[in-house]
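> Curious how this folds, go ahead:
(one chain, ligands or ions: 1)
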Amino acid sequence: MEIGVVGKPNVGKSTFFSAATLVDVDIANYPFTTIDANVGVTYAIAEHPCKELGCQPNPQNYEYRDGKALIPIKMIDVAGLVPGAHEGRGLGNKFLDDLRMASALIHVIDATGRTDAEGQPTDYHDPVEDIEFLEREIDYWIYGILKKGWEKFAKRIKLQHMKLEQAIADHLSGIGVTEEDVWEAVHKVGLPSDPTKWSDEDLLAFVRELRKTNKPIIIAANKADAATDEGIKRLVEEGKKRGYIVIPTSAAAELTLRKAAKAGFIDYVPGSSDFKILKPMSPKQEKALMLIKEKVLDRFGSTGVQEVINRAVFELLNLIPVYPVQDENKLTDQFGNVLPHVYLLPKGSTPRDLAYKVHTDLGKTFLYAVNARTKRRVGEDYELQFNDIIKIVATAK
Ligand SMILES: Nc1nc2c(ncn2[C@@H]2O[C@H](COP(=O)(O)OP(=O)(O)OP(=O)(O)O)[C@@H](O)[C@H]2O)c(=O)[nH]1
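Model prediction:
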């Protein structure tokens, strides 16, 4: 699961990505060590069960700070969004390739309106247009993949009595489209089951719906520090009308805070409304931090960057953290580590899904599970809840 950061040039996309991935974790501990310059690790932050249960965890695949779990997430800097990117304009196919891998997108928009459609400085450009611009680029990109050889493809589906959902999902598997995604989009648009009857408009409407589930987008109304209240309000409202979560952000402030924290000058937990000064710094540095406090933290409650990441993971992607344990009383693994691992699973997942996530063998030999909070046995159809602690019982191999 990867989150892409996307936006036209000059909106602060790289600043957002740098800030979000400037984390003080040892990346080598995680399964996804950085392989590319534009891939990094960020984290989603959630309340940790130990806050409520009064335990002291020994995290192995996440971090624990101030009663919170910091759960690592892979992030991609999807550079190259320019008009015509869907045809390979700008950075060519690199943009599309990065886009292909992302499960959700953070669309960084310059909320001040001082960046034009191509990313050049301007007096005023309506930031609301940028929302539609990204939608169009993605829609036409998927449309382009489908449209190529569509007539032949549609005829084959019909003549060979292929399952429509499966055939299209197979065709679009490269961008992570599933049969359910296709089914949903077909039904939302109300398309005939015979694809040879789909018009070009039908195909476009279908692709639009597909994009909403396959590449869900959250909007970072960036440079909020330099934007007017009215400007932000309008972007939030217009985004909402189109079904988006819009969060005012100051990526530049977040980057400064994280750098200062990393250098040991301040204590700052991403997402919070304040920081603590730990050691003396130059008057210039101190002034910069005080400005951030006044113009960003006090005005918006936080820089917004962490909120965007959290809401992308927990709302947009609908993931929930679940902690598997071996001992439901001590909440430990076989080595006595308290709540060592956390897994993110889609809402609606079952204990067996969790078992598979831990290990394929555990999934295959799964018998039942125990909810460590209630000490009750739960069956296969139990729907896992946010921060559940689950003991999995499997047959001996
Ligand atoms: N005021 C303000 N400026 C910002 C913020 N974030 C970024 N900037 C500035 O905006 C300019 C562009 O930032 P980048 O991060 O390079 O933008 P980008 O979208 O990655 O641009 P490309 O690399 O050209 O694609 C820089 O001068 C940043 O300092 C912010 O939150 N507030």
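
> What parts of the protein come near the ligand?
Taking CB under 6 Å from any ligand atom as the criterion, the chain approaches the ligand at residues 7, 9-15, 79, 222-223, 225-226, 250-252. Quick note: C-beta positions are derived from backbone N, CA and C, even for glycine.

> Could you pick out the one among those residues with the lowest pLDDT?
For the residues of the chain next to the ligand, the least confident position by pLDDT is residue 79, scoring 81.

> Secondary structure element holding residue 299?
Taking DSSP states H and E as the definition, residue 299 sits inside helix 298-300.

> Flag every buried residue along that helix.
Going by neighbour count (16 or more other CB atoms under 10 Å), the buried part of helix 298-300 is residue 300.

> and that helix, average pLDDT?
Over the span of helix 298-300, the pLDDT mean works out to 97.

> So which elements touch the very next helix or strand once past that helix?
Past helix 298-300, further along toward the C-terminus, the next helix or strand under DSSP H and E is helix 305-311. Under the contact criterion of 3 or more CB pairs under 8 Å, 6 or more residues apart in numbering; DSSP states H and E, helix 305-311 touches helix 13-21, strand 39-47, strand 217-222, strand 246-248, helix 251-262.

> packing partners for the longest one?
Okay, so that is helix 251-262. In this structure, helix 251-262 makes packing contacts with helix 13-21, strand 266-267, helix 283-292, helix 305-311, judged by 3+ CB pairs under 8 Å, 6+ apart.

> So what angle separates the directions of that helix and strand 217-222?
80 degrees (axes from the mean of the first three to the mean of the last three CA atoms, to 10 degrees).

> Can you give me the buried ones in helix 251-262?
Using 16+ other CB under 10 Å as the burial criterion, the residues of helix 251-262 that qualify are 251-258, 260-261.

> still on that earlier bit, just give me how far the helix holding residue 299 sits from the chain centre.
Helix 298-300 sits 24 Å away from the centroid of its parent chain (CA atoms, centre = their mean, to the nearest Å).

> swap in stretch 81-96?
Stretch 81-96 sits 22 Å away from the centroid of its parent chain (CA atoms, centre = their mean).

> what about that stretch, average pLDDT?
If you average the pLDDT over stretch 81-96, you get 75.

> again, but for stretch 20-40
Here the mean pLDDT over stretch 20-40 is 65, rounded to a whole number.

> thinking again about what came up before, looking at the helices and strands packed on helix 305-311, which is closest to residue 86?
strand 217-222 (15.3 Å; CB to CB).

> got the angle between the closest one and helix 13-21?
Between the axis of strand 217-222 and that of helix 13-21 there is an angle of 100 degrees, by the same axes, to 10 degrees.

> For strand 217-222, give me every contacting residue.
With contacts defined as CB atoms under 8 Å, 6 or more residues apart in numbering, strand 217-222 is touched by 7, 11-12, 16, 104-111, 127, 131, 134-135, 227, 232, 235-236, 239, 244-251, 304-305, 308, 311-312, 315-316.

> Buried ones among the residues you listed?
So, by 16+ other CB under 10 Å, the buried ones in those are 7, 11-12, 16, 104-111, 127, 131, 134-135, 227, 232, 235-236, 239, 244-251, 304-305, 308, 311-312, 316.

> distance between the top strand by length along the chain and the chain's centre?
Counting by DSSP state E, the longest strand found in the chain is strand 68-78. Computed by CA atoms, centre = their mean, the chain-centroid distance of strand 68-78 equals 8 Å.
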